[in-house]
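Trainee: A predicted structure for the sequence below; I have some questions about it.
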Amino acid sequence: MEQGIVLRGVGGFYRVLLPDGRTVECRPRGRFRKDGVVLLAGDRVCVELQRDGTGVIVAVDPRRTELRRPAVANVEQVVAVMAVAAPPPNFLLLDRLLTVAEAEGLDPVICWTKADLCPPGHGEDLGAPYRVAGYRVILTSSRTGQGLDELRDALRDKVSTFAGPSGAGKSSLLNALDPAFGRDTGEISRKLGRGRHTTRVVELLPLPGGGLVADTPGFSQLDVRHIPKAELGRFMREIDRVRGECRFPGCLHRSEPGCAVRDAVEDGRIHPRRYRHYLELLREIEEWEARRYS
């Protein structure tokens with residue numbers, strides 16, 4: 001028996017990384033399908049090696065974490081990849097991604113790409129509200145190599161997932177980290193202003209120097225419906241720092257008197273855009289709850 005980690009799965013077969021660095025094509029034991037077990041990239045499994053060099057997955061360890069979309073197991077941190085230009089930043093998507101990552105107990109890192117396309121200082125300005133909020137922010141360029149050493153340091157010895165909209169440069173960034181990855185890249189659609197999907201399945205890639213990173217299909221939405229509305233503020237760091245100072249327990253930071261969060265927005269400790277996005281996510285959760293219980 002060998003312990004391993006699932007790197008990817010296609011058509012009922014799974015590529016599993018063993019502790020000695022070998023990869024083995026495996027199929028799950030028949031009872032998995034009967035029991036409704038669905039394996040994900042990142043699952044830690046027990047493999048029974050066969051004489052022909054393949055393997056059979058005979059057991060799966062309980063998951064420590066699980067992302068729903070993209071579907072990856074046992075991830076420790078999420079690298080939110082967002083381009084500074086081409087396509088322009090989608091700040092609501094970024095804030096949604098950070099919030100969901102926090103709610104899942106994952107450590108978020110923000111990676112701005114295509115720094116070579118913006119004027120000096122612009123990338124730093126984009127990242128400033130997030131640094132103030134307490135997030136690690138890395139400004140990178142796959143073309144010039146800017147920020148790649150800092151990104152490698154953030155990824156070292158961790159299981160991470162790259163997540164972000166199509167066209168943000170996730171695959172190009174991975175190729176810059178290790179050209180051997182050979183990830184397909186796509187151009188930005190001029191008509192739609194967004195990238196074409198070049199990554200079709202979730203796959204964990206072993207990084208030089210240690211660590212695994214998931215290259216994931218691009219997406220445009222992340223579900224926040226599983227977050228109770230009273231808990232939403234916990235998962236936006238700058239709001240979480242001050243929400244305990246609100247006059248009333250259970251304050252939703254919208255129109256309640258004595259709200260410390262709105263005071264922090266007014267005096268500049270919380271960026272107005274981040275607060276607007278908090279309200280938008282809160283409204284989304286409330287609309288879902290209203291439909292659910294109606």
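Mentor: Sure, I can see it. Nothing here was measured: the structure is a model prediction, and the numbers come from that model.

Trainee: part of a strand, is Pro209?
Mentor: One thing to correct before we go on: residue 209 is Gly, not Pro. No - judged by DSSP: H, G, I helix; E, B strand; the rest coil, Gly209 forms no part of a strand; its state is coil.

Trainee: how far away is it from Gly233?
Mentor: Using C-beta to C-beta, to the nearest Å, Gly209 is found at 37 Å from Gly233. For every residue, glycine as well, the C-beta is placed using N, CA and C.

Trainee: Looking at those two, which is more packed in?
Mentor: Neighbours per residue, other C-beta atoms under 10 Å: of Gly209 and Gly233, the larger number sits with Gly233, 22 against 12.

Trainee: and the more buried one, backbone torsions?
Mentor: Here is the backbone geometry of Gly233 (degrees, to the nearest 10): phi -60, psi -20.

Trainee: With Arg131 instead?
Mentor: Per degrees, to the nearest 10, the backbone of Arg131 is at phi -60, psi -40.

Trainee: and if you look at Ala59?
Mentor: Main-chain torsions, Ala59, degrees, to the nearest 10: phi -160, psi 150.

Trainee: Can you get me a residue count around it?
Mentor: Ala59, neighbours per other C-beta under 10 Å, totals 14.

Trainee: Which secondary structure elements does the helix or strand hosting Leu282 sit against?
Mentor: Using DSSP states H and E, Leu282 maps to helix 272-293. On a contact count with 3 or more C-beta pairs under 8 Å, 6 or more residues apart in numbering; DSSP states H and E, helix 272-293 meets helix 91-103, helix 122-133, helix 237-242, helix 260-266.

Trainee: Buried deepest among those helices, which one?
Mentor: The highest mean neighbour count among those, using mean count of other C-beta atoms under 10 Å, belongs to helix 91-103: a mean of 21.

Trainee: can you dump the C-alpha coordinates of that helix into CSV?
Mentor: This file holds the C-alpha atoms of helix 91-103, laid out as CSV (Å, rounded to 0.1, in the frame of the first residue of the first chain):
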residue,chain,number,x,y,z
PHE,A,91,-13.5,43.8,-7.7
LEU,A,92,-16.8,42.3,-6.8
LEU,A,93,-15.6,38.8,-7.9
LEU,A,94,-12.4,39.4,-6.0
ASP,A,95,-14.2,40.3,-2.8
ARG,A,96,-16.6,37.4,-3.2
LEU,A,97,-13.6,35.0,-3.7
LEU,A,98,-11.8,36.4,-0.6
THR,A,99,-15.0,36.1,1.5
VAL,A,100,-15.7,32.5,0.5
ALA,A,101,-12.0,31.5,1.1
GLU,A,102,-12.2,33.0,4.6
ALA,A,103,-15.5,31.2,5.3
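
Trainee: what's the neighbour count on Gly105?
Mentor: Gly105 has 10 neighbouring residues, counting by other C-beta under 10 Å.

Trainee: okay, and the helix or strand of the protein with the least pLDDT?
Mentor: strand 66-67 (a mean of 81; mean pLDDT, DSSP states H and E).

Trainee: mind listing what's buried in stretch 19-28?
Mentor: 24, 26-28 (16 or more other C-beta atoms under 10 Å).

Trainee: Equivalent analysis for stretch 53-65, please.
Mentor: Judged by neighbour count (16+ other C-beta under 10 Å), stretch 53-65 contains these buried residues: 55, 57, 60, 65.

Trainee: and the first one, bridged to which residues?
Mentor: Same thing as Gly55. Beta-bridge partners of Gly55, counted by DSSP bridges, are Cys26, Leu49.

Trainee: how close does the residue of the chain most remote from its centre get to Gly12?
Mentor: Distance from the C-alpha centroid of the chain peaks at Arg51, with 38.1 Å (C-alpha atoms, centre = their mean). From Arg51 across to Gly12, the span is 21 Å (C-beta to C-beta).
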